[in-house]
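> Sharing a model that was predicted from the sequence below.
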Amino acid sequence: MTAGGSATTPRTAIIGAGVMGEMLLSGLVRAGRRVDLLLVGEKRPERAHELEERYGVAVVSNLEAAEQADTVALVVKPQDMAAVLAEISPVLRPGQLLVSLAAGITTAFIEDRVPEGVAVVRVMPNTPALVDEGMAAISPGSHCDEEHLAEAEALLASTGRVVRVPEKQQDAVTAISGSGPAYIFFVVESMIEAGVHLGLPRATASELVIQTLVGSAKMLRETGTHPVVLREQVTSPGGTTASALRELEVHKVRAAFLAAMEAARDRSRELAEGS
Ligand SMILES: NC(=O)C1=CN([C@@H]2O[C@H](COP(=O)(O)OP(=O)(O)OC[C@H]3O[C@@H](n4cnc5c(N)ncnc54)[C@H](O)[C@@H]3O)[C@@H](O)[C@H]2O)C=CC1
Ligand SMILES: O=C(O)[C@@H]1CCC=N1
């Protein structure tokens, strides 16, 4: 949406300004959205104050945010979603767009709790959005037209890539790219510890691992070569890499990744039940 300065200029509200709420807010500000057209609803007063200081954004009640905005991003924990929807539902109106970033919460869950005709888009973002390298997947709800979807896409495009997926894929997306950064950080942490075990100073181990990660990610993106081929290029016959990879296979790391991501997918499915 463009900011034109008239009384009808669209406003965007963010309800729940923790890690991902701030990601969205800071991305919109970096992308040039006018701060006076942004609103934040945040429960914790000290956090609200922090955001007012940092961005000059108006922090208002959830009701005011929902009443004044054309697009409302819901960025609270899945367990808090029902309470927030119950609070704002009386002031929501048809044509408004709700964009939910909560894991597991379906568009049907939201549509059942808001007035008929309110458009809902479900998004699964990830934390690299904080450095404009996010990966977000979006899915339309049942009252959502192309304009609503494009607006949700624009919200997320300010912090990285956006793909459209059928909603039935969102639990898998959550398991792969939503939680994905945590798996990568876990691998990085494990490799740094291994370097320390092998006698490297921690700072050296960290630099070696982080640059190896960045370089490998860049090769994947820039060459477009399949990861199996890239791995084979590193794996000299009878060499060091083959010895290491055999240990990873012996320890069933591939199977562990599959089981881990199935567990994340299953947890995402459970979250809509409120557990
Ligand atoms: N952290 C991550 O990597 C990702 C998180 N998500 C989703 O984003 C959502 C938020 O996650 P985080 O930002 O990590 O959590 P967080 O705990 O950092 O932020 C949630 C914020 O909502 C506020 N809040 C709670 N109840 C409220 C209410 N009634 N009114 C106003 N504000 C309220 C809290 O004070 C807090 O600041 C979750 O639904 C999560 O599933 C999605 C993808 C990735
Ligand atoms: O752990 C979680 O539930 C959230 C959703 C995806 C990443 N973090």
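Looks like it came in fine. Ligands and ions are numbered 1, 2, ... in the order given.
> Any residues of the stretch 51-200 of the chain in contact with ligand 2? List them.
Residues of the stretch 51-200 of the chain that fall close to ligand 2, judged by C-beta under 6 Å from any ligand atom: 103, 174, 178, 179. Heads up, the C-betas are built off the backbone N, CA and C, glycines and all.
> Identify each buried residue in stretch 63-76, please.
For stretch 63-76, a neighbour-count test (16 or more other C-beta atoms under 10 Å) marks 64-76 as buried.
> Tell me how far it lies from the chain's centre.
Offset of stretch 63-76 from its chain centre (C-alpha atoms, centre = their mean, to the nearest Å): 18 Å.
> got any ranges where the protein has weak pLDDT?
Low-confidence segments of the chain (pLDDT under 70): 1-8, 275.
> What residue in it comes nearest to ligand 1?
residue 18 (1.9 Å; C-beta to the nearest ligand atom).
> Which single one of the buried residues of stretch 63-76 is nearest to residue 141?
Using C-beta to C-beta, residue 74 comes nearest to residue 141 of these, at 12.3 Å.
> Grab the nearest non-local neighbour of the closest one.
Of all residues not flanking residue 74 in the chain, residue 100 sits nearest, at 4.5 Å (C-beta to C-beta, 6 or more residues apart in numbering).
> Next, the contact list for that neighbour, please.
73, 74, 81, 107, 110, 120, 121, 122, 123 (C-beta atoms under 8 Å, 6 or more residues apart in numbering).
> Up against ligand 1, what does the stretch 51-200 of the chain have?
Counting by C-beta under 6 Å from any ligand atom, the stretch 51-200 of the chain comes close to ligand 1 at 62, 75-78, 80, 83-84, 101-103, 124-127, 178.
> Next, check those against the helices and list the overlap.
If you go by DSSP state H, these have 62, 83, 84 in helices.
> Are any of these buried, and if so which?
The buried subset of those (16+ other C-beta under 10 Å) comprises 62, 84.
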